[in-house]
Structure formats: C-alpha cells, structure tokens
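# Compute the structure for the input listed below.
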Amino acid sequence: MQNLVQVCCLLHSKLWLVCCLVAAASVVALRHTMQSLSSKLGQRQAVRGAHVAARQRTLLPIVQATAPQQAAGSKQASENGNSNPAPIPVTRDVSVNVSRSLSSMDKAMETSIASTDAWRALQEHVAEIENTHLKDLLADQARCEALTKEDLGLYIDFSRQRATQDTIKKLMDLARAANLKEKIDAMYAGDHINSTEDRAVLHVATRARRDQVICDEGKNQVPEVWAVLDRIKSFSEKVRSGEWKGATGKPIKNIVAIGIGGSFLGPLFVHTALRTEPHAMMQSRGRTLRFLANVDPIDVARALNGLDPEETMAVVISKTFTTAETMLNARTVRSWLTSQLGEGAVAQHMVAVSTNLKLVKEFGIDPENAFGFWDWVGGRYSVCSAVGILPLGLQYGFEVMEQFLAGANAMDDHFRETPLESNLPVLMGLLSVWNISFMGYPARAILPYCQALSKLAPHIQQVSMESNGKGVDISGNVLPFEAGEIDFGEPGTNGQHSFYQLIHQGRVVPCDFIGIVRSQQSVYLKDEIVSNHDELMCNFFAQADALAYGKSREELRSQNVPDYLIPHRSFTGNRPSTSLLLPELSAYTVGQVLALYEHQVAVQGFVWNINSFDQWGVELGKVLASRVRTMINQSRNKHRFVNNSDGFNYSTTRLLNKYLQGKTQLLYPEPRDVFPAELLEHNPL
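Model (predicted):
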C-alpha cells in the first residue's frame, strides 16, 4: 500500500511538472504572439502610444453605448419592484464589438498614410532625432541655411525645429505618398473634396483676381465673387460718404457686426490687426466697429454701450439666417433700434450677409441690402468674403480691404505654384505633422511679438482645431495615429509672464514666434538705449534661443548657483520653434499671414487624409441645447423646477435646478423688452 502511495505521489509530481511546463510554454507562446501582433501593428516608442490612443477612441463609443443599456435595464427592474436586478449580460457583445472595431482599425492601417514606407521611415527617423540636441543642430550653418526660407517678403526660419535636412527629405517623401500636390490642385480645380457635404472648397476664390478662373461644377465663380465685392464697394462708399443716412437723417458712424464662429473670429482678427496701422487708422477716423458674437447679454451690453442708435448700423452675418445665437442677438439689436427709432428704422439701420433672402425679408431687412456668399466657403475660411469685407470695408474703406485680399491672393498663388521643397505653407504643415504625429507634441503656441496680432491665435485656433480635430479619415476609418493640434497663444511679452514657464521647463510645446521689422507705432525715448519696439523684439529673438539651448547644470555651477537651486534653474532646451519675420504689418501682410495659416492647416489634413472642411463635431451640443431651451421655457412659464420625468440625467437635473433656483425672476404687468442698460440696474434675469 505504501508503495502504491509513493507511486501515486510520484505520478502526481510528474503530472504537476508537466502542467507547469505546458503553462510555461503557453506563456512563452503567448508572449511571442503578442510581440508578433505588436510588430504587425507597428507600435513604436517613437509614436508616443498613438495607436493605443486611437484604440481608446474606438472603445469609448462602445462603453458609452453599453452604459445606457445597463441603466435602462436597472431602471426597468426597479420599476418592476426588483431592487437587486440581475446585471445585463453585455460582456460577450462588447468583446465582439471590440474585436470588430480592432479589425476595422487594422483595415484602416492597411489603407492609411501610416501604412506607407514614407511614414515608417519617419517613425524610424525619430530615434535618430532623439539623439540630437538643438544646440548642436544650430551649430551647423549649412543646415540652418537649408531650413531658412524667404519669399513674398516673408522670412521663415525653421532651423529651431527638431529636424535635419534628412527629416525634410523624408517629409517630402511623405507628401508625395499622400498625393499632396494632387490634393492641392484638386482644391483649386473645384473638386468636391469636402466629401461629407459634397462641396468644393474654394475660399481662395473669395480673394481671386478678376482675371482668374476658379470653377465649381464647370462654372467660373470669380465673376460672382467680384459682383458681390463691387456691391460692397458701392454700398460702403455710400455709407462712409454720408450719402446713406439713418432714419433720422444722421450719417452712419458706428457698425455692429453680429455673427459667431468664423463670422466673428476672422473679421475680429483683421480689425485688431489694422486698427493701429497708420493708413487704416486715417481711413477709419471718426468711425467705430464692434462685434457681437456671444449670446451672453453682457456681450450685448458691451457692444451697444455708448452707441447712438441714430448713427448705428448692424450687419447680421448668417448664411442660413437661422444660427440660434446670431439671430437672438440680431433680434435684440433690432428691438434696441426700433424702440428708439420706430419699426421703419430697420431698413436703414440693418443689413445682412446671407443667402436666405426669404428670411432676410421676413426679418425686416431689404433683400437689396443682403450680400451673399457660397456653400463652397466654410465659415472659418470666410473672412475674405462678404462676411469680413462688408463690416471691415464699412470701417476702413474698400481700398484697404483690396490690399488685404491681394496679400491673401499672393499667398494662394505661392501655395499653388511653388515647388513643395520651397513652399512656405507646405513646410509649415509638414513640420507640424512631424511634431504631432511623430514627435508626440500635441500642442502649438502662436506667439506674435506684435499687439496688433493679439487675435491671430484665437482665429487660427478655430481654423485649425475645427478643421483637423477629427478622429476618422475621409473614408470614416478610425485614425491609427494622433492628428489635430491644440492651438493657443498670446502676444509677447504678455505670454512670457503667463504660460512661458510651462513651455520652458514643463511640457514641450512647439512655438511659432512672429515678429515685425517696422512697427505700426514707433516710440523712441531719448534716455533709453533701445526703442520700445526694439525692446519687444529683443525678447522675440531671445525666447526662441532660450527654448532651443536651455541652460545646463554645468553652466549654473560655473555661475556659483547653489546646488539646491540647480534643479530648479536648469533648462533642458531642445524645444522646437519656428520664427516668422514680416517686414511690416499692413493690410497686405495681414492677408498673407491669414492665407499662410489657412493653407498650413489644409496641408496637415491632406497628409492625414482627413476632411479639414466639415465640422460635424459642433452639431451634437446644438441639438442638446435646443432640448434644454425648451425645458427652461417650460420651467419659467409654469413656475416649476426640472424633475426626473423630464428626461435629463441626475447631474443635469440638479444643475438646471440650481441655476433656476438662483435667479430672480422679474415679473411685469405686461410683457416687454428689457435691454442691457436696464438689466444692469436690476437683478440679472
């Protein structure tokens, strides 16, 4: 019996050993399988985990879709009296969906730009660049000369980018693999490259010369563009000369442009850039241009504050004449005008930029005073259309705006005709793709050392982030890499006392430094060693080098910095930037800068193979806001709070009630309009 037990123990031990060996073999096999899969998917350290992030974006909708199912099941069980409902068996479905999603991503990988040899060559090139430092790269004079470009009067220095001549060559290979030149040509040819809306992308036509031919569906659009521009010229001259008078016979001196998004940010950028330019200042003397964008009544109060309605004209900018915020603001301004000038004042004091003449007429605006634009120009690209040229022309005169259009047109020609290797927007776009998708830098700071360009960053923020903030390619496949750029900025030297701490010693944020050779407004003080503008530009030159070179521990020790402070005062450097130098900031160069950044954004989208000209991401919030609007209206009229049966989640229900509870409702014997000046004297509505 004892022998039998020993035999059994021995067999058991051997069986256990065999099991262990099998398990170990399985682990090894699994490891090899995972390594093989990892290799197949091309996941590399250099891409900063971009593929993983893309998979997270894929799984997120599945998780979000699962949560409502679980919530619905729990709610149903609760209503049936079951306080401990059984969980819904969703695990298998989720795993199937995940599998399908990953399979779809693998398919996307096979057809995306990321599957090309050019993309893989850049991925491999990252390791080489990671072994370099800008202080060494900047010592190479030949490299610096190769990475400096000058054209159209603009001087752009890319030498502080973490790139070599070989990087540029590989980026050019990527551009060819992405058919960049063909896509640029397709845009100018009027092909419907905005495929989700079946539209051409022809904002370049809004600043075309009269003799140019730019077609959509076989029809030259340039004559129609100039027909609108000629009407703007005639109308603006009537208003500016005093021939056009308000309802009481006074000339119009104040313009309030009512629009939001691209109907606001672009024109505001141009206005801010020109208001201190000497020639533009002279042309706008005695005139005021304000913008009303936010539906917040505070914006209304600020836009109308101090204006005489007898001398004020409102320009309502909405292609469809249905934009919720714009039309509410337009109705508010209309009430402000008519309450003091009478109902008949609308025709003399309000004009429109719209294609919906029916709604324009119903609003009370004479359709003869409506200026159109086209489906092939998106809002964020529309500043060169009537959207911008009408209010800006009323302020500065049409001749100034012609110079602005000519500058943009010159950059358009450069973008279309210049070889890729010397093409300024192409180089800017490709290097930004390099920074985002390969070096792993998701943000960019736009830093103009010119106060007149203070609204450049907010405008380009919209142009860039609304255009390229996409998670799928033009065919709807999930992107297997990071795309899109987080843009922000502030004029120097203000930004230096705000967020430069982070870009020097925190996160790596590539920067665009923009400087001006001749200031719009010069100040010289006899006892100062440099002028005010020279002082500003000293910082322009210094900051780019500080980011590039940094300051080492050895340098700090040589300066007798205490050891305990050395970690805090060390700068790693090796932080990339581009320097753009303009000869002056005039209407012409403002147009150049606008088009330069617009085309850079297009280059990014063309390389990533995304649609840079739609913006479906802004729609969902609008739909949900409409539902909330209805709820607030009901709450006001029925004097009740939101309850669970109204269909909002618990958090939103509480937020809504907190909002409603905290407001004082002013009751009037009869309904009447209440304007900002009155609102400020009472509790807020």
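# Tell me where the stretch 251-400 of the chain has strands.
254-258, 288-292, 312-317, 350-353, 370-371 (DSSP state E, counting those that start in this stretch).
# Same question for the chain.
Taking DSSP state E as the criterion, the chain carries its strands at 148-151, 154-157, 215-216, 219-220, 254-258, 288-292, 312-317, 350-353, 370-371, 443-448, 486-489, 511-518, 577-584.
# Include mean pLDDT and distance to A142 when you put these into a markdown table, please.
Where C-beta positions appear, they are placed from N, C-alpha and C, glycine not excepted. Rendered in a markdown table, the data for those read as follows (pLDDT from 0 to 100; distance: least, Cβ to Cβ, whole Å):
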| stretch | mean pLDDT | distance to A142 |
| --- | --- | --- |
| strand 148-151 | 98 | 11 |
| strand 154-157 | 98 | 15 |
| strand 215-216 | 98 | 44 |
| strand 219-220 | 98 | 46 |
| strand 254-258 | 98 | 50 |
| strand 288-292 | 98 | 48 |
| strand 312-317 | 98 | 50 |
| strand 350-353 | 98 | 51 |
| strand 370-371 | 97 | 52 |
| strand 443-448 | 98 | 27 |
| strand 486-489 | 98 | 32 |
| strand 511-518 | 98 | 23 |
| strand 577-584 | 98 | 19 |
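# mind checking which helix or strand of the protein has the lowest mean pLDDT?
When the helices and strands of the chain are scored by mean pLDDT, DSSP states H and E, helix 50-79 comes last with a mean of 39.
# Could you report the neighbour count for the closest residue to F648 other than its chain neighbours?
Of all residues not flanking F648 in the chain, V642 sits nearest, at 6.3 Å (Cβ to Cβ, 6 or more residues apart in numbering). Using other Cβ atoms under 10 Å, V642 has 21 other residues around it.
# so V642 makes contact with S651?
No: using Cβ atoms under 8 Å, V642 is not in contact with S651, being 11.7 Å away.
# circling back to that earlier point, pipe the strands of the chain into a markdown table and attach mean neighbour count and distance to K638 per row.
Shown next, in a markdown table, are the strands of the chain (neighbours: other Cβ atoms under 10 Å; distance: least, Cβ to Cβ, whole Å):
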| stretch | mean neighbour count | distance to K638 |
| --- | --- | --- |
| strand 148-151 | 14 | 65 |
| strand 154-157 | 18 | 61 |
| strand 215-216 | 18 | 50 |
| strand 219-220 | 12 | 54 |
| strand 254-258 | 26 | 32 |
| strand 288-292 | 21 | 31 |
| strand 312-317 | 27 | 33 |
| strand 350-353 | 27 | 35 |
| strand 370-371 | 22 | 39 |
| strand 443-448 | 24 | 47 |
| strand 486-489 | 19 | 43 |
| strand 511-518 | 20 | 53 |
| strand 577-584 | 20 | 58 |
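# Reformat these as TSV; add distance to H414.
Listed next are these as TSV, based on distance: least, Cβ to Cβ, whole Å:
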stretch	distance to H414
strand 148-151	6
strand 154-157	9
strand 215-216	21
strand 219-220	22
strand 254-258	30
strand 288-292	30
strand 312-317	29
strand 350-353	28
strand 370-371	29
strand 443-448	20
strand 486-489	22
strand 511-518	18
strand 577-584	14
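# Can you tell me how far the residue nearest to F648 is from N649?
Between V642 and N649 the computed distance is 11 Å (Cβ to Cβ, to the nearest Å).
# same check, this time on W244
W244 is 53 Å from N649, by Cβ to Cβ.
# Between these two, which has more neighbouring residues?
Taking other Cβ under 10 Å, W244 and N649 do not tie; W244 has more neighbours (16 against 10).
# That one against S236, yeah?
No: using Cβ under 8 Å, W244 is not in contact with S236, being 9.4 Å away.
# closest one to S586 among the strands of the stretch 251-400 of the chain?
The minimum distance between S586 and the strands of the stretch 251-400 of the chain falls on strand 288-292, with 18.2 Å, by Cβ to Cβ.
# quick check: angle from the closest one to strand 254-258?
20 degrees (axes from the mean of the first three to the mean of the last three Cα atoms, to 10 degrees).
# coming back round to it: show me the contacts for the residue nearest to F648.
M631, S635, F648, T653, L656, N657, L660 (Cβ atoms under 8 Å, 6 or more residues apart in numbering).
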